[in-house]
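[1] Could you work out the structure for the sequence below:
(one chain, ligands or ions: 2)
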Amino acid sequence: MNKPVVAIVGRPNVGKSTLFNRIVGNRVSIVEDKPSITRDRLYSDTEWLGRPFLLVDTGGIELDADTELKDKMRYQAQVAIDEAEIILFVVDIREGLTATDREVANFLRQSNKDVIVVANKAENHEQAEMDKYDFYELGFEEIYLISAQHGLGTGDLLDQVIDYFPEHEEDDYAQDAIKVSIIGRPNVGKSSLVNKILGQKRVIVSDIAGTTRDAIDTYFEHEEKDYVIIDTAGIRRKGKVNLGVERYSVIRSLKAIDRSDIALMVIDATEGMTEQDKKVAGYAHEAGKGIVLVVNKWDLVEKDGRTMNRYLKEIRHEAKFLNYAPVTFVSALTGKRVLEVLEIANYVAEQHARRVDTSVLNSVIEEATLMFEPPANKQGKRLKIYYGTQPRVKPPTFVMFVNNPELINFSYRRYLKNQLRKSFGFEGTPIKIIVRERS
Ligand code: GDP
Ligand code: GDP
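    Ligands and ions are numbered 1, 2, ... in the order given. The predicted model follows:
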């Protein structure tokens, strides 16, 4: 699915991060068991009236400390123009128009993006209604008065935002084509890996299909399976600006993850998994995507008989929430094991789409509850699981009908997941458990 990106732009102190938190704070999480991922202020998955979107606070982009305000604003606006469908241009109504606001506006106007001027700090509504007219000088049609701090006017603003969303578009790839995103920091070898895979004799690149905007996907066939690499253009495109370019490419990666079934996270063997890798992988996890960890540049590592195991241990330790993800060690340079990556992706895609038999599922649940008694609350009332079903795949999602959903706790939920994995596998895919009261 293509998730629209909404970017917040504006000079420092106008209230961008307050607005960001206000919008994201209302989010009801559908993932009940959150892994311990540190949340980034820069971007968040959120929704309004059931319409999901990705919210980006460009003020959170870290640039060199000695970057001048003017360059910083230019850069942040450029990120918004390149990556976002809708731009929220925040100004401070109490301070009025400033020269920096005008500069940002000049820049934004040159793009053909939908820009909404958000006049913040408008608690004094009557005054703000009068002051608002000054801001029409910026040349944008829509001006919304809000107070991010007090939550005034943000609902109307979001109504307008989702109104601007492009028509919902599904990629019309064959139902059984495996959609793969290749993610990872710059220079880990993503484009080398893609080139190596596509360059193999047994891989038939049959089509290059453009989807939304400047994303280009690559369709290919290998051993009678169809694959699509999502946004090959984004993988091959080299950063055109140097300032903070890493944070920039993250947004593009998140969009690619949204549109894919399986995320291949490429890690440089000489660097290991970084904080940013964990955040991006955490996003894929929460979005319910299959995940494969590809340790590249394996040719550069000096090896003895235990090196691979040591690496594996380290990665497992670094990203505990990804304990289900297969790890493979490759070299995009020499081609070692690159085709195996496809086999693993294929296997993970099967697990991701796997539906288990209801009666087998229920005997697994029954056995699990016999082996380890469900938790009870302080009054001695004990969780009872009556039965389970698997209504959804991609990722496998289980609904367990219970006497009282409040009685389940984090560790029992994790225990149940482990039991499901033990019985069914589900390698490489997150699984979800929803508990419902049996009516
Ligand atoms: P940013 O630099 O644009 O991200 O701005 P912040 O969100 O950090 O806000 C800058 C300052 O403005 C903080 O002191 C906020 O508490 C304050 N602020 C943000 N929103 C409002 C608002 O709606 N009304 C008022 N009065 N202050 C606000
Ligand atoms: P991207 O930015 O993630 O797409 O990375 P590139 O594919 O552009 O690779 C960055 C650099 O790493 C290039 O100089 C590649 O030649 C090099 N590189 C990529 N894969 C490997 C590998 O497996 N081994 C070695 N030694 N170098 C690699």
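[2] contacts and neighbour counts: CA atoms only from here.
    Noted.
[3] from memory A269 sits against E302, does it?
    No: using C-alpha atoms under 8 Å, A269 is not in contact with E302, being 10.6 Å away.
[4] Please say which of these two ends up with more neighbours.
    Per other C-alpha atoms under 10 Å, whichever of A269 and E302 has more neighbours is A269, with 20 against 7.
[5] Report pLDDT for I315.
    Note on I315: pLDDT of 94.
[6] Spatially nearest residue to it, not counting backbone neighbours?
    Excluding its sequence neighbours, the residue lying closest to I315 (C-alpha to C-alpha, 6 or more residues apart in numbering) is M273, at 7.0 Å.
[7] dump the residue contacts of the one you found.
    The contact partners of M273, by C-alpha atoms under 8 Å, 6 or more residues apart in numbering, come to I267, I315, E318.
[8] Looking at those, which are in strands?
    Cross-referencing the contacts of M273 against strands under DSSP state E gives I267.
[9] Tell me if I am right that the residue nearest to I315 is in a strand.
    No: read with DSSP: H, G, I helix; E, B strand; the rest coil, M273 is coil and lies in no strand.
[10] What distance do you get for it to V266?
    Note on M273: its distance to V266, by C-alpha to C-alpha, to the nearest Å, is 9 Å.
[11] quick one, helices of the protein?
    Counting by DSSP state H, the chain has helices at residues 16-25, 69-83, 99-109, 125-131, 154-163, 190-199, 232-236, 245-259, 275-286, 307-318, 338-352, 358-371, 410-424.
[12] The third one: which residues count as buried?
    In other words, helix 99-109. Buried residues in helix 99-109, counted by 16 or more other C-alpha atoms under 10 Å: D101, V104, A105, L108.
[13] do it and ligand 1 meet?
    No: looking at helix 99-109 against ligand 1 by C-alpha under 6 Å from any ligand atom, there are no contacts, and the closest approach is 12.1 Å.
[14] residues making contact with that helix?
    Residues outside helix 99-109 that contact it (C-alpha under 8 Å, 6+ apart) are G10, R11, K70, M73, R74, A77, I81, V91, V115, L138, G139.
[15] Redo the residues you listed as JSON lines? Include distance to ligand 1.
    Below are these laid out as JSON lines (distance: C-alpha to the nearest ligand atom, whole Å):
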{"residue": "G10", "distance to ligand 1": "6"}
{"residue": "R11", "distance to ligand 1": "6"}
{"residue": "K70", "distance to ligand 1": "15"}
{"residue": "M73", "distance to ligand 1": "12"}
{"residue": "R74", "distance to ligand 1": "15"}
{"residue": "A77", "distance to ligand 1": "13"}
{"residue": "I81", "distance to ligand 1": "18"}
{"residue": "V91", "distance to ligand 1": "9"}
{"residue": "V115", "distance to ligand 1": "17"}
{"residue": "L138", "distance to ligand 1": "18"}
{"residue": "G139", "distance to ligand 1": "21"}
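[16] Can you tell me which of those are buried?
    The neighbour count (16+ other C-alpha under 10 Å) marks G10, R11, M73, R74, A77, I81, V91, V115, L138 as buried among those.
[17] Out of those residues, which is nearest to ligand 2?
    Closest approach to ligand 2 among the buried ones among the contacts of helix 99-109 (C-alpha to the nearest ligand atom): I81, at 22.1 Å.
[18] pretty sure the closest one is in contact with Q110, am I right?
    No: between I81 and Q110 there is no contact under C-alpha under 8 Å: 9.3 Å.
[19] Could you tell me which residues touch both of those two?
    By C-alpha under 8 Å, 6+ apart, no residue touches both I81 and Q110.
[20] D261 and ligand 1, how far apart?
    34 Å (C-alpha to the nearest ligand atom, to the nearest Å).
[21] ok, now E406?
    In terms of C-alpha to the nearest ligand atom, E406 sits 35 Å off from ligand 1.
[22] mind checking pLDDT for that residue?
    In this model, E406 carries a pLDDT of 94.
[23] Pull the number of nearby residues for it.
    13.
[24] Offset the numbering so it begins at 3, please.
    Happy to do that; since the first residue is 3 now, the last one works out to E408.
[25] what's the spacing between it and I436?
    For E408 relative to I436 (C-alpha to C-alpha), the value is 12 Å.
[26] go on, A124?
    41 Å.
[27] who's more crowded, those two?
    Taking neighbours as other C-alpha under 10 Å, A124 and I436 compare with A124 leading, 25 against 16.
[28] quick one: the more buried one from ligand 1, how far?
    Distance from A124 to ligand 1, by C-alpha to the nearest ligand atom: 6 Å.
[29] Point out the residues in the chain that sit beside ligand 2.
    Near ligand 2, when you scan the chain using C-alpha under 6 Å from any ligand atom, you find 188-194, 237-238, 298-299, 301-302, 333-335.
[30] 5 Å - rerun?
    Taking C-alpha under 5 Å from any ligand atom as the criterion, the neighbours of ligand 2 within the chain are P188, N189, V190, G191, K192, S193, S194, K299, S333, A334, L335.
[31] for the fourth one, what are its contacts?
    Contacts for G191 (C-alpha under 8 Å, 6+ apart) come out as V268, D270, N298, K299, A334.
[32] what's the closest of the residues you listed to R415?
    For the contacts of G191, the minimum distance to R415 (C-alpha to C-alpha) is 29.8 Å, reached by V268.
[33] any low-confidence regions in the stretch 303-441 of the chain?
    Applying pLDDT under 70 to the stretch 303-441 of the chain picks out no residues at all.
[34] whoops, I mixed them up, the stretch 53-202 of the chain
    The stretch 53-202 of the chain contains residues with pLDDT under 70 at 170-173.
[35] For this protein, which residues are neighbours of ligand 1?
    Going by C-alpha under 5 Å from any ligand atom, the residues of the chain near ligand 1 are P14, N15, V16, G17, K18, S19, T20, K123, S149, A150, Q151.
[36] Now render the residues you listed as TSV, adding distance to Y349 and neighbour count.
    Listed next are the residues of the chain next to ligand 1 as TSV, based on distance: C-alpha to C-alpha, whole Å; neighbours: other C-alpha atoms under 10 Å:
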residue	distance to Y349	neighbour count
P14	48	15
N15	49	12
V16	49	22
G17	46	21
K18	43	25
S19	41	20
T20	43	17
K123	52	22
S149	50	24
A150	46	25
Q151	48	15
